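Visitor: how would this look folded up:
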Amino acid sequence: MTHRNEQSIMLVDGMALLFRAYYATAANGYIRRTKAGVPTNAIYGFIRYFWDAVQTFDPTHVICCWDMGGTTFRGEHFAAYKGNRGDAPDDLIPQFALIREVTDSLGIPNIGAEGFEADDCIGTLARHYTQHEDIDVMILSGDHDLLQLVDERTRVIIMKKGHGNYMVYTPETLLAEKGLKPRQIVDLKGLMGDASDNYPGVRGIGEKTALKLVQEYDSIEGILDNLEQLTPSVRKKIESDLDMLHISRKLATIHCEVPVACGLDSCLLSLNHVQIVDKFEQLEMKSLCALMGVAMGS
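Guide: Prediction:
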């Protein structure tokens, strides 16, 4: 795959890959385990997803970003934020720590910040690299909220259903597919809310109406400046839910000034075969060595 610059960095949304990998296999009722009974299905699937993306998009540098758990600034703004999510499945919980050991063995930095989500770390790093380094940025996730980070030097790669299926978003493909500019993603979410993150937006306004309003009036400010042009029904809904509109947009906005950093020399993708073989043998998944072209017995 050609890059505008010789160097490119892939910022991986770790939780998005890990959860996807867990549910893809757990749905079939089979949980891969070591002989000692430690579940490893999410780790195994994570590496398969990750390595396919590395081979497809050929980054020179890689960082993995993680949610740290605990309260985030969004939860402080809106107590119900993500309040609809139950506990992680028991078989997934031990894999949270193990996957970071695996990415460590691959020489990939794990980055997270207390009080922030992985999205915020990704946004902060993407902004830094595009503004201060001569490197193109790719973001690997399944989370469409990250589309707000798309720009001329940042592509967002959304993992689609099935293995090895991706939609790559640039400003041009985002406009062609959704009729939106990257900054309008947060306006759309402010209006329609996000059921998976448990914030409502404006009650009674769904995606179709929200999209039409944002496309017609450009932003929430544009909509509020033209309330008299809206249908009485839509206008009433917005006026009744102004506070939640602004809160929802704030919740949807990725914070790009998180106290995280990683020098390019620390995230160059360079596999230490001995280290990887050791970790994969420990987790009883040696078949991944062959997948990654790592020589056994190195």
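
Visitor: Look up phi and psi at Ile276.
Guide: Backbone torsions of Ile276, given as degrees, to the nearest 10, read phi -70, psi -50.

Visitor: Contacts only, for it.
Guide: Residues in contact with Ile276 (CB atoms under 8 Å, 6 or more residues apart in numbering) are 105-106, 289, 292, 294. No exception for glycine: its C-beta is placed from N, CA and C like everyone else's.

Visitor: hmm, 7 Å instead?
Guide: Listed by CB atoms under 7 Å, 6 or more residues apart in numbering, the contact set of Ile276 reads 105-106, 289, 294.

Visitor: quick one, helices of this structure?
Guide: 14-26, 41-57, 73-77, 93-105, 118-132, 171-178, 184-192, 207-217, 220-225, 232-240, 242-252, 273-282, 287-291 (DSSP state H).

Visitor: Thought Glu221 was touching Gly190, still the case?
Guide: No. Using CB atoms under 7 Å, Gly190 is not in contact with Glu221; the gap is 10.8 Å.

Visitor: Can you report how many residues lie near Leu245?
Guide: 24 (other CB atoms under 10 Å).

Visitor: same check, this time on the one 10 residues further on
Guide: Residues contacting His255 under the criterion other CB under 10 Å number 18.

Visitor: In TSV, list the helices of the chain along with distance to Met138.
Guide: Formatted as TSV, these follow (distance: least, CB to CB, whole Å):
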stretch	distance to Met138
helix 14-26	14
helix 41-57	6
helix 73-77	25
helix 93-105	17
helix 118-132	9
helix 171-178	14
helix 184-192	18
helix 207-217	26
helix 220-225	29
helix 232-240	36
helix 242-252	22
helix 273-282	22
helix 287-291	21
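
Visitor: rank the ones you listed by pLDDT, which is bottom?
Guide: Ranked by mean pLDDT, the helices of the chain end with helix 73-77 at the bottom, a mean of 86.

Visitor: For that one, output the C-alpha coordinates as CSV.
Guide: Taking Å, rounded to 0.1, in the frame of the first residue of the first chain, the C-alpha atoms of helix 73-77 are listed here in CSV:
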residue,chain,number,x,y,z
PHE,A,73,-14.5,13.2,32.6
ARG,A,74,-17.6,12.2,30.5
GLY,A,75,-19.0,10.4,33.5
GLU,A,76,-18.5,13.5,35.6
HIS,A,77,-20.4,15.6,33.0
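
Visitor: which residue sits closest to Ile135 in space, ignoring its chain neighbours?
Guide: Nearest residue to Ile135, sequence neighbours excluded (CB to CB, 6 or more residues apart in numbering): Gln7, at 4.5 Å.

Visitor: which stretch among the helices of the chain comes nearest Thr154?
Guide: Closest to Thr154 of the helices of the chain is helix 118-132 (CB to CB; 5.1 Å).

Visitor: What angle do helix 14-26 and the closest one make with each other?
Guide: Relative orientation of helix 118-132 versus helix 14-26 (axes from the mean of the first three to the mean of the last three CA atoms, to 10 degrees): 130 degrees.

Visitor: Could you list the buried residues of helix 118-132?
Guide: 118-130 (16 or more other CB atoms under 10 Å).

Visitor: try stretch 62-81
Guide: For stretch 62-81, burial by neighbour count (16+ other CB under 10 Å) applies to 62-67, 72, 74, 78, 81.

Visitor: so what's Gly83 closest to, chain neighbours aside?
Guide: Closest residue in space to Gly83, ignoring its immediate chain neighbours: Asn198 at 5.1 Å, by CB to CB, 6+ apart.

Visitor: Actually, Leu224.
Guide: For Leu224, ignoring the flanking residues on the chain, the nearest one in space by CB to CB, 6+ apart is Ile238 at 7.6 Å.

Visitor: What is the neighbour count of that neighbour?
Guide: Ile238 is flanked by 19 other residues according to other CB under 10 Å.

Visitor: correct me, but it touches Val202?
Guide: Yes. Applying CB under 7 Å as the test, Ile238 and Val202 come out as touching, 5.6 Å apart.
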